[in-house]
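Visitor: based on what follows, work out the 3D shape:
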Amino acid sequence: MSAVSGSRSSAAPTKVLVVEDEPAIAQAIARRLSAEGWAVEAVGDGLAGVEAAARIVPDVVVLDVMLPGIDGLEVCRRIQAERPVPVLMLTARDDETDMLIGLGVGADDYMTKPFSMRELVARTKALLRRTERATRALEIATAEAPEPPLAVGDVTIDRAQRRVVRHGQEVHLTPTEFDLLVALATSPRTVLTRERLLAEVWDWVDASGTRTVDSHVKALRRKLGPDLIRTVHGVGYAFEPAEPDA
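Guide: Numbering: from 1, shown residues only. Here you go, the predicted structure:
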């Protein structure tokens, strides 16, 4: 598949890699993202996706799960092994197990087909904004007065270095998982609605995205332990740090 260039002129345009084996869907995504002024390249199989990621060094990847050659999960693993890059996964099945596996191999977000192009653009922009925030945080880390770590119970969150430690062990989180944890941990024992979390972390306000919040919370529990985040049914979540020893 061919590359599609954005209409805006820029010395360093945002580069988007689309890995999708259905030509009609791939071209529709490429045209819509190109309309945002981004440089978009679309490829149709997993191995081509890995090669293209190494060649163009994209700022964000839109990646289908079901691909010929190697599937999207393996593509995501290989891409993330080379360098961290935000990945939005597309899946034809509304299966939360598949979604959790995708998040586990380094994807930052997912969407279930069929989806609206408007939401795809919004999710992609949110991923790019989070990358910009991470870059700014690293710049702050080298400043004279970086933001101090946030210690809540037995969890320490270094917002400047974007590192998380629990029980003395560092826990690897994706950029999205990190931002979600910060949003919860900065208001401990306070219930945050799914809609508020969606707005703060994903910059996306729409009821269709609340399952994204649920799946990322489950991914956080798998990495940090099930005791840290309490579900308030029908409302949202609360960060419940362990009480200090007496």
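
Visitor: spatially speaking, which residue is in the middle of this structure?
Guide: D108 (2.0 Å; Cα atoms, centre = their mean).

Visitor: nearest residue to it other than its sequence neighbours?
Guide: Distances taken as Cβ to Cβ, 6 or more residues apart in numbering place T176 nearest to D108, at 4.3 Å, with adjacent residues excluded. C-beta: built from backbone N, CA, C; applies to glycine.

Visitor: now do G72
Guide: V65 (4.1 Å).

Visitor: is it true that the one you found touches D71?
Guide: Yes. Using Cβ atoms under 8 Å, V65 is in contact with D71, at 6.3 Å.

Visitor: and the two? which has more neighbours close in?
Guide: V65 (23 against 14; other Cβ atoms under 10 Å).

Visitor: how about the strands in this protein?
Guide: 3-4, 15-19, 39-43, 60-64, 87-91, 109-112, 150-152, 155-158, 163-166, 169-171, 192-193, 229-232, 236-239 (DSSP state E).

Visitor: now do the helices in this structure.
Guide: 23-34, 46-56, 72-82, 96-104, 117-141, 175-185, 194-202, 210-224 (DSSP state H).

Visitor: pLDDT on the fourth one, on average?
Guide: Think helix 96-104. Helix 96-104 comes out with an average pLDDT of 67.

Visitor: which of the helices of the chain comes out lowest on mean pLDDT?
Guide: helix 96-104 (a mean of 67).

Visitor: hmm, back to that, wait, doesn't the residue nearest to the centre of the chain sit right on V87?
Guide: Yes. Applying Cβ under 8 Å, one finds D108 in contact with V87, separated by 5.7 Å.

Visitor: thinking again about what came up before, quick one: residues contacting the residue nearest to the centre of the chain.
Guide: Neighbouring residues of D108 by Cβ atoms under 8 Å, 6 or more residues apart in numbering: P86, V87, L88, L127, R130, T174, P175, T176.

Visitor: what's the neighbour count on the fifth one?
Guide: Yep, that's R130 we're talking about. Neighbours of R130 (other Cβ under 10 Å): 21.

Visitor: what about it, distance to R136?
Guide: Computed with Cβ to Cβ, to the nearest Å, the distance linking R130 and R136 is 11 Å.

Visitor: what do you get for the last one?
Guide: Distance, T176 to R136, by Cβ to Cβ: 16 Å.
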